[in-house]
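Engineer: turn this into a structure:
(chains A and B)
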Amino acid sequence: MDLNFISFIVMGIAASILSGVMVTRRWPVSAAMVLIAIMMLLAGMFGLLEAHFAAAAQIIVYAGAIMVVFVFVMMLLNLPPEELRYGGITWGEMLLIGLGVAVAIVLGTQVGQGLLTRGFESLGFIPGQAPPGARPLYFPPSENVKNLAAAMFVDYLWAFELTSFLIMAAVVGSIVIAKKRSAENANAA
Amino acid sequence: MLTLPEIGLYFSFLLFLVGLAGVMFRKNILFMMLSIEVLLNAANLAFVCASKITGTIDGQVVMFFVMAVAACEAAIGLALIIALYRTKASIEADDLKALRG
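Structural biologist: Okay, the predicted model is just below:
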C-alpha cells in the first residue's frame, strides 16, 4: 500500500462519483465544469500508469480544447431555464444501473475466468511483460515519449496520416452543417 | 492481489456504465454529448491500463486516435445541435420527432 496505489484508488473513486454527479446536473455549464474535473483526475491516473504524454495530452486536448468548444456552444445557444426540464434520476433508472453492475460482476467472476478476483494473470498475461508476438519497445520503458513517437510515426504512420483527413472532413462538415441558410440559397436548392 | 492497471480497468468499467446511463436516460442532447465524452474517456483509461498490463505502447497510440475521433465527434455533434436549435428551437430529444425515433 504505497502512496501511488492509494492516490490512484482515490482518484478513480472520485472520478466515478463525479461522473454520477455530472449526468444528474440540471445546468449544462455546471456539468461541463464537473467533466473538466473528471478529465483532470483521469490525467492523474494516466500519470500514475506511467503514460506521461497521455496525461499531458488529456489536459491540453480534452480539458482544454474540447471542453472549450462545449462551453462555447452552451453560451451560443443561451438556453432559457424552461428549456432545461429535468427531474433528477428516477428509481427505475437506478434499478437498471444496479442490474448492469450485477450482470458485469457475474460476467467478470464466472465467464472472465476469475478476472475479477485473480486479475489478468488468469488470462496468461504476465504483468509488465509483453505477450508473445508483440513488437518489443524501441526504447526502455521509462522513455515514454520516445516510445510513443516511435510507435506513432513508424508503425502507425498511415493511421496517423489518415487521422488528419478525418479531422479536415470534420471541420468542413461542421461548417456546412452549422451554416445559416439564406432565403436565396433555399430557393436555388 | 490486483495490480494498479487492473484496478484501473474496473474504474474504466464504472465510468463507462455511468456514461452509458447518461446517454440512455437524459433527454437533453447536450448532456448526451457530454456523456459520450465520458464514454470515450473510459475507453481511453482502459487502453492505457492495457498498455501498462502488456508492457507495450500500442494502447497509448490507440488512445491518441480515440482523442482525435472525440475532437471530430464534438465538432460535428455541436454543429448538429446548433442547426437543430435553429430549426426546432429546442434541444430536447423528445421534441425531434421528424424521424419518429
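Engineer: hey, where'd the helices end up in chain B?
Structural biologist: B:4-25, B:29-54, B:58-88 (DSSP state H).
Engineer: could I get these as TSV with distance to chain A and mean neighbour count?
Structural biologist: Every C-beta, even on glycine, is put in place using the N, C-alpha and C of the backbone. Below are those laid out as TSV (distance: least, Cβ to the nearest Cβ, whole Å; neighbours: other Cβ atoms under 10 Å in any protein chain shown):
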stretch	distance to chain A	mean neighbour count
helix B:4-25	3	21
helix B:29-54	5	23
helix B:58-88	4	19
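Engineer: reformat those helices as a markdown table; add mean pLDDT.
Structural biologist: Output for the helices of chain B, formatted as a markdown table (pLDDT from 0 to 100):
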| stretch | mean pLDDT |
| --- | --- |
| helix B:4-25 | 88 |
| helix B:29-54 | 92 |
| helix B:58-88 | 91 |
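Engineer: next, name the residue at the spatial heart of chain A.
Structural biologist: For chain A, residue A:39 is the residue whose C-alpha lies nearest the centre (Cα atoms, centre = their mean; 7.6 Å).
Engineer: got the domain ranges for chain A?
Structural biologist: A:1-86, A:89-125, A:141-180 (automatic domain parsing).
Engineer: of the ones you listed, which shows the lowest average pLDDT?
Structural biologist: Among the domains of chain A, domain A:89-125 carries the lowest mean pLDDT, a mean of 72.
Engineer: the domains of chain A into a markdown table, with extra columns for distance to chain B?
Structural biologist: Listed next are the domains of chain A as a markdown table, based on distance: least, Cβ to the nearest Cβ, whole Å:
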| stretch | distance to chain B |
| --- | --- |
| domain A:1-86 | 3 |
| domain A:89-125 | 5 |
| domain A:141-180 | 4 |
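Engineer: could you identify which of these is most buried?
Structural biologist: With neighbours defined by mean count of other Cβ atoms under 10 Å in any protein chain shown, none of the domains of chain A is more surrounded on average than domain A:1-86, at a mean of 18.
Engineer: what about stretch B:54-64, distance to the chain center?
Structural biologist: The chain centre lies 19 Å from the centre of stretch B:54-64; the measure is Cα atoms, centre = their mean, to the nearest Å.
Engineer: quick one on the thing from earlier: kindly provide the distance from the residue nearest to the centre of chain A to residue A:51.
Structural biologist: Remark: distance between residue A:39 and residue A:51 (Cβ to Cβ, to the nearest Å) = 14 Å.
Engineer: what of residue B:13?
Structural biologist: For residue B:13, the distance to residue A:51 - Cβ to Cβ - is 19 Å.
Engineer: gap between the helix or strand that residue A:169 is a member of and the chain center?
Structural biologist: For residue A:169, the element it lies in under DSSP states H and E is helix A:157-178. Remark: helix A:157-178 is offset 20 Å from the chain centroid, using Cα atoms, centre = their mean.
Engineer: one more: stretch B:9-26?
Structural biologist: 9 Å.
Engineer: just the CA coordinates of that stretch, formatted as CSV?
Structural biologist: The C-alpha trace of stretch B:9-26 is given here as CSV (Å, rounded to 0.1, in the frame of the first residue of the first chain):
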residue,chain,number,x,y,z
LEU,B,9,-9.9,-1.4,-15.7
TYR,B,10,-12.7,-1.6,-13.1
PHE,B,11,-12.7,2.2,-12.8
SER,B,12,-13.0,2.3,-16.5
PHE,B,13,-16.0,0.0,-16.3
LEU,B,14,-17.7,2.2,-13.7
LEU,B,15,-17.1,5.4,-15.8
PHE,B,16,-18.4,3.6,-18.9
LEU,B,17,-21.5,2.5,-17.1
VAL,B,18,-22.4,5.9,-15.8
GLY,B,19,-21.7,7.5,-19.2
LEU,B,20,-23.9,4.9,-20.8
ALA,B,21,-26.7,5.6,-18.3
GLY,B,22,-26.3,9.3,-19.2
VAL,B,23,-26.7,8.7,-22.9
MET,B,24,-29.7,6.4,-22.3
PHE,B,25,-31.6,8.4,-19.6
ARG,B,26,-31.0,12.0,-20.4
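Engineer: wait, residue A:8 sits on residue A:46?
Structural biologist: No: between residue A:8 and residue A:46 there is no contact under Cβ atoms under 8 Å: 10.5 Å.
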